[in-house]
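1. quick one, fold the following:
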Amino acid sequence: MKNAKPPRLGVQLYCLRDDCAKDLAGTIGKAAEMGYDGVEFAGYFGHPAREIRKMLSDSGIAVAGTHIPFETLLGDELMKTVDFNLETGNSLLIVPGLREEHRSSLDAWKRTAGTLNDIASKIAGQGLRLGYHNHTVEFAKMDGQVPYELLFSLTRPEFLMQLDLGLAEEAGMDAVGLLKRYPGRGYSIHAKEYSRTKPDAYIGEGDVRWGEIIRTCAEVSGTEWYIVEYEMQKGDAFENLRTCLENFRRLFRAEST
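-> Okay, the predicted model is just below:
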């Protein structure tokens, strides 16, 4: 891990959704000014793909992926979604959760895993990758099984595991163990803190084992993007995200020197 190349750091724009709704281009620009390498979208607020691409180009920032509803990948919607993302320059599609009917039982999870495999295969030829972002519900056992583990045991290795570290910690899961169990699938990770005693903790101030996470992501997971997320409504949202960015960089330096 010594002298390891720093990963790219992105910000999940859902944290800045009110600002995005008012001025998406300006918000992307501020993310770049703070020092973020990329932005991960959670909606486009009515802007067409060509405008999104220009916003990214004008700010000099990369697109680090997008969170999109599962339904936008089904049937005739799939090619519309593919075309939109190709035009924006995005290559990473992340499903940020599922409706009840797609996760109501182990059989539902198995069917969903099959569908996600099919989608991942279809879009691979277009240079796009597919992944899944957890909340906490995926870790609640069903008939003795953890649905999250079932999903990744049934999906192909190129289907990405965008593990939300804070939510995994909140659910009582071993995030380091999950990353090691599915090597090479953590291309993009959500860097979110969780603290049992300090709900508004910034990255590095809570219970997430950042040192172990950083080493595992570098040595096992093939992580290229850490997507910073901070959703507590306190103070200035941009300053909160700046603090998280600075804290993460300090943590990474400590592990690589």
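
2. please report the distance of the residue of the chain positioned farthest from its centre from Thr112.
-> Largest separation from the mean C-alpha position in the chain: Asp143, at 28.0 Å (Cα atoms, centre = their mean). Using Cβ to Cβ, to the nearest Å, we find Asp143 at a distance of 16 Å from Thr112. Glycine gets a C-beta too; all of them are placed from N, C-alpha and C.

3. picking up where we left off before, the residue farthest from the centre of the chain contacts Leu106, correct?
-> Yes. Counting by Cβ atoms under 8 Å, Asp143 does reach Leu106; the two are 5.9 Å apart.

4. in stretch 110-129, what counts as buried?
-> The neighbour-count check on stretch 110-129 (16 or more other Cβ atoms under 10 Å) flags Thr112, Ala113, Leu116, Asn117, Ile119, Ala120, Ile123, Leu128, Arg129 as buried.

5. counting only helices, which of those residues make the cut?
-> Among these, the members found in helices (DSSP state H) are Thr112, Ala113, Leu116, Asn117, Ile119, Ala120, Ile123.

6. hmm, the last one is touching Asp83, no?
-> No. Counting by Cβ under 8 Å, Ile123 does not reach Asp83; the two are 11.1 Å apart.

7. identify the contacts common to the two.
-> The overlap between the contact sets of Ile123 and Asp83 (Cβ atoms under 8 Å, 6 or more residues apart in numbering) is empty.

8. so, low pLDDT: which residues of the protein?
-> Applying pLDDT under 70 to the chain flags the ranges 1, 3.

9. show me where it has its strands.
-> Along the chain, the segments classed as strands by DSSP state E run 8-12, 38-41, 62-67, 92-95, 129-133, 160-162, 188-191, 225-228.

10. mind listing the helices for the stretch 1-150 of the chain?
-> Along the stretch 1-150 of the chain, counting by DSSP state H, counting those that start in this stretch, helices occupy 17-22, 24-34, 49-59, 77-88, 106-124, 147-154.

11. TSV for those helices, including distance to Arg196?
-> Below are the helices of the stretch 1-150 of the chain laid out as TSV (distance: least, Cβ to Cβ, whole Å):
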stretch	distance to Arg196
helix 17-22	27
helix 24-34	29
helix 49-59	37
helix 77-88	38
helix 106-124	29
helix 147-154	21
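
12. re earlier: can you add distance to Lys30 and give the strands of the chain back as CSV?
-> Below are these laid out as CSV (distance: least, Cβ to Cβ, whole Å):
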stretch, distance to Lys30
strand 8-12, 10
strand 38-41, 10
strand 62-67, 15
strand 92-95, 22
strand 129-133, 24
strand 160-162, 24
strand 188-191, 19
strand 225-228, 14
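
13. would you mind saying which of those lies nearest Cys244?
-> strand 225-228 (5.0 Å; Cβ to Cβ).

14. so which other helices or strands are in contact with that closest one?
-> Applying 3 or more Cβ pairs under 8 Å, 6 or more residues apart in numbering; DSSP states H and E, one finds that strand 225-228 contacts strand 8-12, strand 38-41, strand 62-67, strand 188-191, helix 237-256.

15. OK, contacts around Ile94?
-> If you count contacts by Cβ under 8 Å, 6+ apart, Ile94 has them with Glu40, Gly65, Thr66, His67, Ile68, Leu130, Gly131, Tyr132, His133, Leu160, Gln162, Ser188.

16. residues near the fourth one, how many?
-> Spelled out, it's His67. When neighbours are defined as other Cβ atoms under 10 Å, His67 has 21 of them.

17. tally of neighbours for the closest residue to it other than its chain neighbours?
-> Using Cβ to Cβ, 6 or more residues apart in numbering and skipping the chain neighbours, the partner closest in space to His67 is Pro96 (4.1 Å). Close neighbours of Pro96, defined as other Cβ under 10 Å, add up to 21.

18. picking up where we left off before, next one: the residue farthest from the centre of the chain from Ser59, what distance?
-> Applying Cβ to Cβ to Asp143 and Ser59 gives a distance of 48 Å.
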